[in-house]
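S.K.: return atomic coordinates for the entry below.
(one chain, ligands or ions: 1)
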Amino acid sequence: MSGGELRRSISGVLTAVGIAGRAAPWVLTGHVLSSVLAGAVPVVAAWLTKLVLDRVSGAGTRSGELIALACALAAAGVVAVLTSGAVRYLAGELGRRVNLLARDRLYTATERMRGLTQLERPSFRDRLRLAQQHSQTGPTLIVDAAVGGAQSALTLAGFLGSLATLSPMVTAVAMVAAIPALLAEVQLSRRRAAMLSGISPTERRDFFYTDLMTSLDAAKETRLLGLGPLFRARMLTELSKANSRRRGVDRREFGTQALLGLLAAVVTGGGLIWAVAAAGRGELTVGDIAVFAAAVAGVQTALAALVGRVGTAHGALLLFEHYREVTGAEPDLPEPACPRPVPTLRSGIEFRDVWFRYGEDQPWVLRGVDLHIPFGGSLALVGHNGAGKSTLVKLLCRFYDPTRGAVLWDGIDLRDLPVAEFRRHLGAVFQDFMRYELTASENIALGDVDGARELAPEVAPRTREAARRAGIHDTLAGLPRGYDTMLSRMFVDEKDKASPDTGVLLSGGQWQRLALARCFLRDRRDLLILDEPTSGLDAEAEHEIHTGLAEHRAGRTSVLISHRLGAVRDAGKIAVLAGGRVAEVGSHDELLAADGVYARLFRLQASGYAPAGEPA
Ligand SMILES: Nc1ncnc2c1ncn2[C@@H]1O[C@H](COP(=O)(O)OP(=O)(O)OP(=O)(O)O)[C@@H](O)[C@H]1O
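M.R.: Numbering: from 1, shown residues only. Just a heads-up that it's a prediction; the model follows:
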């Protein structure tokens, strides 16, 4: 083990013990004490047995002394049973509490990732998945291995001490025989950890195909296109790849452990032959033989446990590194050194020569966008697929920082504002809005939570008002349990299965209205962002929503993205994105008069609605 690795391991153990100490100090103390006791009891029992046997085989032993020894031996047995139960219970309890705290820390850390860059990076996703897996077991395994290791070490020291009084030579051989076992375990755990990291992308693809085959969202396409056999084959290929790497490590482990077992058997057998020969020469008593047999077996068992625990701890530590990396990672969006208070919008938002690409190896999406969104005005963004409209909106929400240029909020660079506070000034409906498998009322109320740990009951009346404005109130009120109806069939209990009240599914357009209602709950925000808010609605509903939105937006600053140009014509200003820049900007009438891209697109769409043969 290199110096760096040793330092990392020590710091990993300290982190894990720190988490355990923080999560459950008394349980940890109890666990350590009961483990120490459990480690000492076998040695004490072996010596008591020796004393009993020597007294029984010797002459002139008082029966009172024998009874006292027998009672002590029985008490040691009781303590052994109680401590092993206590160790198991306390280890379980410690694991549960550690899991709670470790998960809390992990997800607090992921919340510090306020942008999207890290989450989109495959290497970070792999690390996060391993961290998620090992946040549950890692710290507990390490603490368990440390405490269990201390217990085994105590037993080992006791029995080695016992052996040393009988034969220093056998003791030395037993100790030397432990060295290859220790080294082999460390090597094996290193290989296992490397293998687990190595198969992470394979496992991610395996999960992806597994999920596709059972996902409700994908079900229509996978069934219609008959994709099941293809995805099943791909899933099995990925699984076979992962299995083959696991098999390699398992085989090596099997071979190594068989060799180590053989070595242990030779040492034990040799020691026993020596003891019996020594007893034959009268050098050892019956009690000595009993202690010797117990010590040889005890040394082997304790050594195997110790070596196993070192291996477990080492493997867990290597994987726990992923957890430590994620929890210690810097936020992906740098927080300003001297954050400025976020002012209520008064003059407007400006994109000043904004250039953006998703990565250094990716093409430019925005190439010098200059755009002003005036306070109280409505801006519509239009353009072909892939023109960069949603990207512009994501920059506006500061999910990414511009690669060059700046986005200014009342003249202040967004990078100088604390991001969480800044986002409190925004309301948004995204193209790929969320469908939360919660109740209808929760689906709306989530729009106004702002860091609270539970939904505030006083939001309920406002959720109804928001639903009314999104034109979904009647639908929700008419559900079996009204607003308290679960919008999912995923969490139905076995006993509730027959009852339709337990969960309902909404149509795509109804979900979209719900997302709008969630956004309306934030209507007191400075900026409203609507990215294709009505793409799933029928023509009548779309008209109704847009009329409502136009009224709602009046006097508020808003950005609307829509491919349906009829929906954007009322916007105060329309910007056409093309080639990564703002190609045209103006009101509907101005752009029609300019007879550019917008005018062409508008006429094209309008002609689709005009009766055949009539000009639009
Ligand atoms: N997370 C991402 N990582 C890498 N590239 C991306 C990402 N999101 C979008 N892109 C790319 O950026 C370009 C602009 O995408 P964007 O979604 O902003 O376009 P859009 O104008 O909103 O398109 P649409 O009208 O189809 O919604 C596209 O070429 C797309 O492939």
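S.K.: quick check, central residue of this structure?
M.R.: residue 132 (3.9 Å; Cα atoms, centre = their mean).
S.K.: sec struct for that one, please.
M.R.: With DSSP: H, G, I helix; E, B strand; the rest coil as the basis, the three-state label of residue 132 is helix.
S.K.: what residues are up against it?
M.R.: residue 106 (Cβ atoms under 8 Å, 6 or more residues apart in numbering). Every C-beta, even on glycine, is put in place using the N, C-alpha and C of the backbone.
S.K.: apply 10 Å and report the result again.
M.R.: 103, 106, 107, 110, 322, 323, 326 (Cβ atoms under 10 Å, 6 or more residues apart in numbering).
S.K.: swap in residue 561?
M.R.: Residue 561 is in contact with 379-383, 389-390, 392-393, 430-431, 529-533, 535, 567-568, 577, counting by Cβ under 10 Å, 6+ apart.
S.K.: residue 134 reaches residue 200, doesn't it?
M.R.: No - using Cβ atoms under 10 Å as the test, residue 134 is too far from residue 200 to be in contact (11.7 Å).
S.K.: name the residues contacting each of the two.
M.R.: Common neighbours of residue 134 and residue 200, counting by Cβ under 10 Å, 6+ apart, are residue 322.
S.K.: from residue 202, how far out is residue 218?
M.R.: Residue 218 sits at a distance of 21 Å from residue 202 (criterion: Cβ to Cβ, to the nearest Å).
S.K.: so which of those two has more stuff around it?
M.R.: residue 202 (18 against 14; other Cβ atoms under 10 Å).
S.K.: surely that one meets residue 239?
M.R.: Yes - between residue 202 and residue 239 there is a contact at 8.2 Å, judged by Cβ under 10 Å.
S.K.: next step: the contacts of residue 561 restricted to strands.
M.R.: Using DSSP state E, the subset of the contacts of residue 561 located in strands is 379, 380, 381, 382, 529, 530, 531, 577.
S.K.: pick out the residue of the stretch 401-550 of the chain closest to the ligand.
M.R.: Using Cβ to the nearest ligand atom, the single residue of the stretch 401-550 of the chain nearest to the ligand is residue 431, 6.0 Å away.
S.K.: identify the residues contacting that residue.
M.R.: Residue 431 sits next to 389, 390, 393, 530, 531, 532, 533, 535, 561 when contact means Cβ under 10 Å, 6+ apart.
S.K.: same thing with residue 537?
M.R.: Going by Cβ under 10 Å, 6+ apart, the list of residues near residue 537 reads 471, 508, 509, 510, 512, 513, 516, 543, 544, 545, 546.
S.K.: give me that answer again for 6 Å
M.R.: residue 509 (Cβ atoms under 6 Å, 6 or more residues apart in numbering).
S.K.: same list (the contacts of residue 431) but as JSON lines, adding distance to residue 347.
M.R.: Output for these, formatted as JSON lines (distance: Cβ to Cβ, whole Å):
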{"residue": "389", "distance to residue 347": "24"}
{"residue": "390", "distance to residue 347": "25"}
{"residue": "393", "distance to residue 347": "20"}
{"residue": "530", "distance to residue 347": "22"}
{"residue": "531", "distance to residue 347": "24"}
{"residue": "532", "distance to residue 347": "28"}
{"residue": "533", "distance to residue 347": "26"}
{"residue": "535", "distance to residue 347": "32"}
{"residue": "561", "distance to residue 347": "23"}
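S.K.: show the buried residues in those.
M.R.: 389, 390, 393, 530, 531, 532, 533, 535, 561 (16 or more other Cβ atoms under 10 Å).
S.K.: what sits closest to the fourth one if chain neighbours are left out?
M.R.: Taking Cβ to Cβ, 6 or more residues apart in numbering as the measure, residue 530 lies nearest to residue 560, with 4.7 Å between them; neighbours along the chain are not counted.
S.K.: is the one you found in contact with residue 379, as I believe?
M.R.: No - applying Cβ atoms under 6 Å as the test, residue 560 and residue 379 come out as separate, 7.3 Å apart.
S.K.: get me the contact residues on the stretch 301-450 of the chain for the ligand.
M.R.: Residues of the stretch 301-450 of the chain found near the ligand (Cβ under 6 Å from any ligand atom) are 358, 362, 365, 383, 385, 386, 387, 388, 389, 390, 391.
S.K.: which among the ones in strands among the contacts of residue 561 count as buried?
M.R.: Using 16+ other Cβ under 10 Å as the burial test, the ones in strands among the contacts of residue 561 include 379, 380, 381, 382, 529, 530, 531, 577 as buried.
S.K.: which one among these gets closest to residue 232?
M.R.: Set against residue 232, the nearest of these by Cβ to Cβ is residue 531 (35.6 Å).
S.K.: bridged to that closest one, which residues?
M.R.: residue 561 (DSSP bridges).
S.K.: how near is it to residue 21?
M.R.: To residue 21, residue 531 is 47 Å away according to Cβ to Cβ.
S.K.: residue 44 too?
M.R.: From residue 44 to residue 21 the distance is 29 Å (Cβ to Cβ).
S.K.: just residue 402 next, same as before
M.R.: Distance of residue 402 to residue 21, given as Cβ to Cβ: 44 Å.
S.K.: ditto for residue 347
M.R.: For residue 347, the distance to residue 21 equals 53 Å [Cβ to Cβ].
S.K.: with residue 145 instead?
M.R.: 16 Å.
S.K.: what about the two, which has more around it?
M.R.: The residue with more neighbours, out of residue 145 and residue 21, is residue 145; 24 against 15, by other Cβ under 10 Å.
S.K.: what kind of secondary structure is the more buried one in?
M.R.: Strictly by three-state DSSP, residue 145 counts as helix.
S.K.: next up, the contacts around it.
M.R.: 309, 312, 313.
S.K.: so what's the first one up against?
M.R.: Residues counted as contacts of residue 309 (Cβ under 6 Å, 6+ apart) are 145, 148, 149.
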